[in-house]
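Visitor: Model the following, please.
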Amino acid sequence: MAGEFKLSDVLPWGRTRAEYTAFFDLAGIDAGTRILDCAGGPSSFNAEMTAAGFTVVTADPLYQFSAEAIAGRVAETRTRMEAGLRAARHRFVLDGPDAIARHLHTRETATASFLADYEAGRHAGRYRVAALPRLPFGPDAFDLALCSHFLFLYSDHLDMATHIDAIAEMLRVAPEARIFPLLDLEGEPSRHVDPVRKALEAHGHGTAIERVDYEFQKGGHSMLRVWR
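Guide: Down below sits the predicted model:
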């Protein structure tokens, strides 16, 4: 049923390094790769990757707030997400009666790891207050830019021009960008994907949709890869 998972705003929801690795096919990535995570929210990707010796900067307007404020916002998000998952369970890959509880536990684990790292990460410059489509980084400051669960997912919130500008900005600061998923909040293919690809290709960029080893939204198993 349409409207089962409508959200009035973008909600902070944490993902793990293992999930990012699957979203973006990062299993073979070199430790010297400089990574920018756009709209990373309370994900543990930065904390886990930093602990493993990688260089990651995460950009999100959420980081203007204290750890306590972020924790409160995530708690509110959990309530809304649980209700949405139960109302639209048929649109997600949820195996077993405890699947929703396991999914929420993964989110809570990611958030806990993020919060434990947050103050040290802010001090080190790993968590930066910034929002697409304007990033406070110089050209080629990174080797790879990622965006998880923001572009395309929030297609009703962000128009096509914003998507184009955001990806162009990711390509200004890194030679390659990867975006996941390509479905909107209703679980439908985002109406922006094809026109955004055409616009980027018209500006000389390469694009490819690639299958990845992850699926939570049914049919949400592909990322968009864009390069200069």
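Visitor: Pass me the low-pLDDT residue ranges in this protein, would you?
Guide: Along the chain, the model assigns pLDDT under 70 to residues 1-8.
Visitor: the strands in it, which residues?
Guide: 34-38, 55-59, 127-128, 144-148, 176-180, 206-211, 222-227 (DSSP state E).
Visitor: Tell me which of those strands sits nearest to Ala67.
Guide: strand 127-128 (10.5 Å; C-beta to C-beta). All C-beta spots, glycine's among them, are computed from the backbone N, C-alpha and C.
Visitor: Identify all contacting residues around that closest one.
Guide: Applying C-beta atoms under 8 Å, 6 or more residues apart in numbering, the contact partners of strand 127-128 are 46, 57-60, 63, 118, 121, 136.
Visitor: biggest helix in the protein by residues?
Guide: When the chain is parsed with DSSP state H, its longest helix is helix 99-124.
Visitor: buried set for stretch 139-147?
Guide: Across stretch 139-147, burial judged by 16 or more other C-beta atoms under 10 Å covers 142-147.
Visitor: Now Leu132. Nearest residue, chain neighbours left out?
Guide: Closest residue to Leu132 apart from its sequence neighbours, by C-beta to C-beta, 6 or more residues apart in numbering: Ala166 at 3.9 Å.
Visitor: quick revisit: got JSON lines for the strands of the chain, with distance to Glu186 too?
Guide: Below are the strands of the chain laid out as JSON lines (distance: least, C-beta to C-beta, whole Å):
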{"stretch": "strand 34-38", "distance to Glu186": "23"}
{"stretch": "strand 55-59", "distance to Glu186": "27"}
{"stretch": "strand 127-128", "distance to Glu186": "31"}
{"stretch": "strand 144-148", "distance to Glu186": "18"}
{"stretch": "strand 176-180", "distance to Glu186": "17"}
{"stretch": "strand 206-211", "distance to Glu186": "19"}
{"stretch": "strand 222-227", "distance to Glu186": "17"}
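Visitor: Thank you kindly, that will do.
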